[in-house]
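A.B. asks: predicted model follows, preceded by the sequence.
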Amino acid sequence: MIRLSNAEIGKTYKIVRIEGAGLVKRRILDLGLLPGLRIKVIRKAPLGDPIEIIAKGFPISVRKAEAEQVILEEVEG
């Protein structure tokens, strides 16, 4: 398992769980990043913040602090 903040560009992952609490967790869930969702990492800014992903066919930018709370597992394709 890996955190979204450490995920590799171009790979596809499945969200396993969302850690944390409070407003950070609420924002992640409001973005539609729910356990079981498949995402693809598209790019990272030069300093790693933000991270752009594709989820449900839409691009989403996630701050590094939020990405630290998203636990993933790599999947094929």
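C.D. replies: The structure has been received and is ready for your questions.

A.B. asks: ok, residues contacting the longest helix along the chain?
C.D. replies: If you go by DSSP state H, the chain has its longest helix at helix 22-30. Contact with helix 22-30 is made by 18-20, 62, 65-66, 69-70, as judged by CB atoms under 8 Å, 6 or more residues apart in numbering. Yep, even glycine has a C-beta here, placed from its N, CA and C like the rest.

A.B. asks: please flag which of these sit within strands.
C.D. replies: Of the contacts of helix 22-30, the ones assigned to strands by DSSP state E are 18, 62, 70.

A.B. asks: for the residues you listed, which single residue is the most surrounded?
C.D. replies: Each of the ones in strands among the contacts of helix 22-30 was scored for neighbours by other CB atoms under 10 Å, and residue 70 scores highest at 28 neighbours.

A.B. asks: what about the residue nearest to that one when sequence neighbours are not counted, neighbour count?
C.D. replies: Excluding its sequence neighbours, the residue lying closest to residue 70 (CB to CB, 6 or more residues apart in numbering) is residue 4, at 3.9 Å. Residue 4 has 23 neighbouring residues, counting by other CB under 10 Å.

A.B. asks: looking at it, residue 4 is touching residue 60, isn't it?
C.D. replies: No: counting by CB atoms under 8 Å, residue 4 does not reach residue 60; the two are 10.8 Å apart.

A.B. asks: which neighbours do the two share?
C.D. replies: Common neighbours of residue 4 and residue 60 (CB under 8 Å, 6+ apart) are residue 53.
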